[in-house]
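Participant: Need coordinates for the following:
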Amino acid sequence: MKILAIDDQRLVLIPLENRLKELGYDVYTETDAKRGIALYDRIKPDLVIVDINMPGLPGIEVVKYIRFFDKSDTPIMVLSGNTDNNIIEQGFELGVKEYMKKPLSLAEVCTRVKRILGTPNDQKKSRKYDEVIIQKRCVGVVIPCYNEENRLLSEEFTNFIDKNTGYHLCFVNDGSKDKTLEVLHSIRKGREDFITVYDCEKNGGKAEAVRQGMLHMLKDKGLDYIGFLDADLSTDLRDFDDLVSTIENSNYKIVSGSRISRMGANITKGAARKIISMTINFIIRKILSMDFKDTQCGAKIFHRDVVEISFRDKFVSKWIFDVEIFRRVALYYGLKNAKQMLCEQPLKRWIHADGSKLSMKDSFKIIMQLGQIALHYNKRKKTMGRVNVCNNQVLLGT
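Facilitator: As a prediction, this is how the structure comes out:
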């Protein structure tokens, strides 16, 4: 029995394809609707699984092609994040057998497939996919690594990837001198579709490692959101997923984690570190003209639309590049708009990990770097202002 699955997000198709093949079905996949129709004509499948929200040709047009052009009654299952009642009603009017809303469990999808097609005789029993969730968005996560051989929590990363489709992790090796690169390749083994190792031969600092990783992930057109996270998982992946849920269900373009101590949250910092952080955050609020509580949390998620604006140019600072990101967004969109685009979300958990690369001595250097950032972007603001004045004069003919 042949199944054709069409979805523009490859990260969604991979676990679906693997599990259905394991059950004994012949599975064909395509990420482009037009090519999917051509593949349908060639293989004449027994079941079509299609997403609705696809760029170019939407999935509903694939359904129409099968019903009106091919005049076929081939069973069709819609697997989509589109919850528009009009679309759902239209799908059933066209004879869609099932309309399943993402996110949902892979096990449920497979159960419904077996109900439609029956169970192949040579199916394999497996609990590997029992907890896998098919998401309605795809997320890239950049994880900078420098000499992390002994701190990388490999199982936490791999367990998360195995259970959460729609995530692609990009580990950036920032010129490590230990066996970090070797450890990263071992994490990636067997999960090449979901994990990338980006190797920087020379150490350029966290800011440059994150920047390179973000721009690398931006090349993947299937990713809706791209963010970064510290390798020590001081912010864990569950909290990061909460940040993703916020940006997915709002109009925010950037959602940043915040390590605010409060009831019900496990936020652990040393006393001296708290004092330095409070001082730095006070200066940052003055520079940004924004009421940020914590700009330096190493967990942030971005809509892909703002990644190039935020990361295209090299940063002035190796450590406090987060401040530069917010400054760049404010300069590009205007302060008023930037405030509406940015969201600071309190974390449920943040634990300061032993072996942090940032010492207390470095914290004092940060204050000096903040002055450099303020000077650099104030000059940039004046330059942009002069360019805008010149452009307006040309437009007015003066």
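Participant: For the stretch 151-300 of the chain, give me the ranges with low pLDDT.
Facilitator: Residues of the stretch 151-300 of the chain that meet the criterion pLDDT under 70 lie in 260-280, 288, 290.
Participant: what ranges do the helices span in it?
Facilitator: Per DSSP state H, counting those that start in this stretch, the stretch 151-300 of the chain carries helices over the ranges 154-163, 180-188, 206-218, 237-248, 271-288.
Participant: so can I have a markdown table of these showing mean neighbour count?
Facilitator: (Each C-beta comes from the backbone N, C-alpha and C, glycine too.) What follows is those, written out as a markdown table (neighbours: other C-beta atoms under 10 Å):
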| stretch | mean neighbour count |
| --- | --- |
| helix 154-163 | 16 |
| helix 180-188 | 18 |
| helix 206-218 | 22 |
| helix 237-248 | 19 |
| helix 271-288 | 15 |
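Participant: Which of those sits closest to residue 86?
Facilitator: helix 237-248 (21.8 Å; C-beta to C-beta).
Participant: So which of the helices of the stretch 151-300 of the chain is nearest residue 38?
Facilitator: helix 206-218 (29.1 Å).
Participant: could I get the closest one in PDB with only the CA atoms?
Facilitator: In PDB, the C-alpha atoms belonging to helix 206-218 read as follows (Å, rounded to 0.1, in the frame of the first residue of the first chain):
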ATOM      1  CA  LYS A 206      30.200  33.600  21.700                       C
ATOM      2  CA  ALA A 207      28.800  36.600  19.800                       C
ATOM      3  CA  GLU A 208      30.400  35.600  16.500                       C
ATOM      4  CA  ALA A 209      29.600  31.900  17.100                       C
ATOM      5  CA  VAL A 210      25.900  32.700  17.600                       C
ATOM      6  CA  ARG A 211      25.900  35.100  14.600                       C
ATOM      7  CA  GLN A 212      27.500  32.600  12.300                       C
ATOM      8  CA  GLY A 213      25.000  29.900  13.400                       C
ATOM      9  CA  MET A 214      22.000  32.100  13.000                       C
ATOM     10  CA  LEU A 215      22.900  33.200   9.500                       C
ATOM     11  CA  HIS A 216      23.600  29.500   8.600                       C
ATOM     12  CA  MET A 217      20.200  28.400   9.900                       C
ATOM     13  CA  LEU A 218      18.500  31.300   8.000                       C
END
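Participant: mind listing what residue 49 touches?
Facilitator: For residue 49, the set of contacting residues under the criterion of C-beta atoms under 8 Å, 6 or more residues apart in numbering consists of 3-7, 16, 76-79, 109, 113.
Participant: quick revisit: of all the helices of the stretch 151-300 of the chain, which lies closest to residue 321?
Facilitator: In this view, those are compared for proximity to residue 321 by C-beta to C-beta, and helix 206-218 is the closest at 3.7 Å.
Participant: quick revisit: now, which of the contacts of residue 49 lie within strands?
Facilitator: Among these, the members falling in strands are 3-6, 76-79 (criterion: DSSP state E).
Participant: Just the buried ones from these?
Facilitator: Listed as buried from those are 3-6, 76-79; burial here means 16 or more other C-beta atoms under 10 Å.
Participant: As CSV, the residues you listed with pLDDT would be great.
Facilitator: Supplementary listing: these in CSV, determined by pLDDT from 0 to 100:
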residue, pLDDT
3, 97
4, 98
5, 97
6, 97
76, 97
77, 97
78, 96
79, 94
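Participant: Quick one: the residues you listed as JSON lines, columns for distance to residue 181 too.
Facilitator: Shown next, in JSON lines, are these (distance: C-beta to C-beta, whole Å):
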{"residue": "3", "distance to residue 181": "39"}
{"residue": "4", "distance to residue 181": "39"}
{"residue": "5", "distance to residue 181": "35"}
{"residue": "6", "distance to residue 181": "37"}
{"residue": "76", "distance to residue 181": "46"}
{"residue": "77", "distance to residue 181": "42"}
{"residue": "78", "distance to residue 181": "43"}
{"residue": "79", "distance to residue 181": "37"}
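Participant: wait, which of the residues you listed is closest to residue 46?
Facilitator: Distances from residue 46 to these, taken by C-beta to C-beta, are shortest for residue 3, at 6.8 Å.
Participant: contacting residues for the closest one?
Facilitator: Applying C-beta under 8 Å, 6+ apart, the residues near residue 3 are 20, 25-28, 45-49, 113, 117.
Participant: I'd like to know which of those residues are buried.
Facilitator: In these, burial by neighbour count holds for 20, 25, 27-28, 45-49, 113, 117, counting by 16+ other C-beta under 10 Å.
Participant: ok, so of the residues you listed, who is nearest residue 163?
Facilitator: Closest to residue 163 out of the buried ones among the contacts of residue 3 is residue 20 (18.0 Å), distances taken as C-beta to C-beta.
Participant: Closest one to residue 184 out of the buried ones among the ones in strands among the contacts of residue 49, please.
Facilitator: The shortest gap between residue 184 and any of those belongs to residue 5, at 30.6 Å (C-beta to C-beta).
Participant: Ignoring the adjacent residues along the chain, who's closest to the closest one?
Facilitator: When the adjacent residues along the chain are set aside, residue 5 lies closest to residue 49, with 4.3 Å between them (C-beta to C-beta, 6 or more residues apart in numbering).
Participant: which SS class is that neighbour?
Facilitator: The assignment at residue 49 comes out as strand when based on DSSP: H, G, I helix; E, B strand; the rest coil.
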